[in-house]
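Undergrad: sequence and predicted model, in that order:
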Amino acid sequence: MLVSDHLAHLRRRNLRPSTIYQRQRTLARLGDVDLLWLSTEDLALHLDARDLTPGSRRTEIMHLHGFYEWAVKEGLVDRDPTEGLERPFWHSQGTSGSLVSCQYSTTALPLHLATRLTVHVYCRYAN
């Protein structure tokens, strides 16, 4: 019932069916446990046992965080246990070369938009 309610919430928010499906799979992988009683340590052990790539681990944490963020807003839990999980750094497939080509592609834009786009891209990929 709890997971069904959460998935219905995602549908009302008009999330993509693939996102909803992945959220459902992520929650199902936790097994037949009371999701509201899991601690940060429980979630960390679950993730460690799965031997995930950094990108997959980050995605799993994102889906778990989405569920617990909803549960907090609904008053089902006091805090989000994923807040204590260490999220792997996300490396894009691009390199600093992608940033340079992006900067050059902004030349056709008005200066104020080109500056904002360049700063946004730099901040996103530099962190």
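TA: Sure thing, it's come through.

Undergrad: and for Y21, the neighbour number?
TA: 11 (other CB atoms under 10 Å). Any C-beta I mention is one placed from the backbone N, CA and C, and that applies to glycine too.

Undergrad: list the helices and strands the strand or helix carrying it packs on?
TA: Using DSSP states H and E, Y21 maps to helix 17-28. Under the contact definition 3 or more CB pairs under 8 Å, 6 or more residues apart in numbering; DSSP states H and E, helix 17-28 sits against helix 2-12, helix 54-73.

Undergrad: deepest of these, which one?
TA: Comparing these on average neighbours per residue, with mean count of other CB atoms under 10 Å, the densest one is helix 54-73 at a mean of 17.

Undergrad: so for that one, mean pLDDT?
TA: Helix 54-73 carries an average pLDDT of 95.

Undergrad: give me the low-pLDDT residue ranges for the chain?
TA: Counting by pLDDT under 70, the ranges of the chain that qualify are 90-127.

Undergrad: how does it look with 90?
TA: For the chain, applying pLDDT under 90 flags the ranges 1, 51, 84, 86-127.

Undergrad: picking up where we left off before, let's have the helices and strands packed on helix 17-28 in a markdown table, adding distance to Y21.
TA: A markdown table is the format used below for the helices and strands packed on helix 17-28 (distance: least, CB to CB, whole Å):
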| stretch | distance to Y21 |
| --- | --- |
| helix 2-12 | 9 |
| helix 54-73 | 11 |
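
Undergrad: out of the ones you listed, which gets nearest to D32?
TA: Evaluated with CB to CB, the helices and strands packed on helix 17-28 place helix 2-12 nearest to D32, the distance being 11.3 Å.
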